[in-house]
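Asker: Give the three-dimensional model of this entry:
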Amino acid sequence: MQPETRSRLRYSLILSVIAIIAALGLLDRAERALLPQTLAAASQQALQDNLAQATAVFATARVIDAAVSVAQTVEVSAGLGIQPGQVLDPVNDLVERFSAMMLGATIVLGGAVLLVKAGDMLGLALLLPAGLLLAALSWALPGMASFFTRRLGTFLLFAALVLKVGVPLVVVGSVALSAHLLDPTIMDAQARLDALSMAAAPVPADGDGGGMMDRLRSLGDATGAVSRMVAAMGDLADIVIDLTIAYVAKIVLLPLLLFWILGRMAEATASTLAAWPGDRPG
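Answerer: I've put the predicted structure just below:
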């Protein structure tokens, strides 16, 4: 047997053994046994915390949106000299758009949780073994069949690396950056939003629950309630704008930036993975 053939068989055997070990779940078990917390677990916890925060902001925004909508229908005395429907309409549109944006944010965060879970389950147990087996098989195939099989195997290896390491790393990195850059702004704006919502829609005097219309009617002075809400609209617009900018940067811009950096790093190492050991020089 020629030395080149023996070298190819040796590398194929090594890759096949690693593929079998990974397919049996031994690599995942080793990761969980050796590490106090896996990268996937840390990223899932971070995403769950962000999802809870985004859901709370979305719920508050919907309450304020309902309060503004109700205030637009309240009859105001002529002495006040304002028409709530016209005054509150631009802010109502802004809050509705913000509510839709926060709903989209919760959907994106929920999808990211599922993606991290899928990568943790399939990265080392399915994609990595498939890529290694295709790479091992490519050395036994001739010509173009070997080339395309190896390309497919390399693609699956990259997919396994991105899902198992890349996505959780981007999540953890974006959360760490946003904790210093964006979270103080979000927490401050959310506190202002919560305080504003309580001022706009106080609890009825008798302590009973009820809808937003019941709350406004229970005030006994609808004109005063609407006046206070109109006065608070400038602060509400500022809060919504601050939260919108912060969440767009946190959920969209930071992950995209880190994915771009990760992609550039992967592109820089792609040439080394393209040249497999055992290949004939030249």
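
Asker: how about the helices in the protein?
Answerer: For the chain, the helices defined by DSSP state H cover 3-23, 26-34, 39-72, 84-122, 128-138, 143-161, 167-181, 183-200, 212-218, 222-248, 254-274.

Asker: Any idea which residue is closest to the centre of the protein?
Answerer: Nearest residue to the geometric centre of the chain (C-alpha atoms, centre = their mean): Leu109, 3.5 Å.

Asker: That one: what's it in contact with?
Answerer: By C-beta atoms under 8 Å, 6 or more residues apart in numbering, the contact set of Leu109 is 47, 50-51, 54, 251. In short, each C-beta sits where N, CA and C put it, glycine included.

Asker: Let's have these in CSV, adding distance to Met101 and neighbour count.
Answerer: Putting those into CSV (distance: C-beta to C-beta, whole Å; neighbours: other C-beta atoms under 10 Å) gives the following:
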residue, distance to Met101, neighbour count
Leu47, 18, 24
Asn50, 15, 25
Leu51, 15, 18
Ala54, 10, 25
Ile251, 10, 23
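
Asker: and of those, the nearest to Arg192?
Answerer: Nearest to Arg192 among the contacts of Leu109 is Ala54, at 16.8 Å by C-beta to C-beta.

Asker: so how far is Leu109 from the closest one?
Answerer: Plainly put, Ala54 is 6 Å away from Leu109 if you go by C-beta to C-beta, to the nearest Å.

Asker: and for those two, which residues touch both?
Answerer: What both Ala54 and Leu109 touch, as defined by C-beta under 8 Å, 6+ apart, is the set Ile251.

Asker: circling back: can you tell me which of the contacts of Leu109 is closest to Ser99?
Answerer: Closest approach to Ser99 among the contacts of Leu109 (C-beta to C-beta): Ala54, at 11.6 Å.

Asker: And the closest one, what's its pLDDT?
Answerer: Looking at Ala54, its pLDDT is 85.

Asker: and it, what is it in contact with?
Answerer: 102, 105-106, 109, 247, 251.

Asker: would you list the residues you listed in CSV and tack on pLDDT and distance to Met265?
Answerer: Formatted as CSV, those follow (pLDDT from 0 to 100; distance: C-beta to C-beta, whole Å):
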residue, pLDDT, distance to Met265
Met102, 85, 32
Ala105, 85, 27
Thr106, 88, 30
Leu109, 87, 25
Tyr247, 86, 27
Ile251, 84, 22
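
Asker: Now tabulate the residues you listed in JSON lines and tack on distance to Phe155.
Answerer: Shown next, in JSON lines, are these (distance: C-beta to C-beta, whole Å):
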{"residue": "Met102", "distance to Phe155": "36"}
{"residue": "Ala105", "distance to Phe155": "31"}
{"residue": "Thr106", "distance to Phe155": "32"}
{"residue": "Leu109", "distance to Phe155": "28"}
{"residue": "Tyr247", "distance to Phe155": "33"}
{"residue": "Ile251", "distance to Phe155": "28"}
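
Asker: Closest to Ile14 out of those?
Answerer: Leu109 (40.3 Å).

Asker: distance of that closest one from Leu47?
Answerer: According to C-beta to C-beta, Leu109 and Leu47 sit 6 Å apart.

Asker: what do you get for Ala30?
Answerer: Applying C-beta to C-beta, the value for Ala30 to Leu47 is 24 Å.

Asker: ok, now which ones touch the closest residue to the residue nearest to the centre of the chain other than its chain neighbours?
Answerer: Spatially, and ignoring its direct neighbours in sequence, Leu109 is nearest to Leu51 (4.3 Å; C-beta to C-beta, 6 or more residues apart in numbering). Remark: with contacts taken as C-beta under 8 Å, 6+ apart, Leu51 is in contact with 106, 109-110, 113.

Asker: And those, which of them are buried?
Answerer: 106, 109, 113 (16 or more other C-beta atoms under 10 Å).

Asker: roughly how far apart are the last one and Thr185?
Answerer: Right, Val113. In terms of C-beta to C-beta, Val113 sits 24 Å off from Thr185.

Asker: What of the first one?
Answerer: In this structure, Thr106 and Thr185 are 19 Å apart, going by C-beta to C-beta.

Asker: where does the stretch 51-200 of the chain dip in pLDDT?
Answerer: 70-88, 196-200 (pLDDT under 70).
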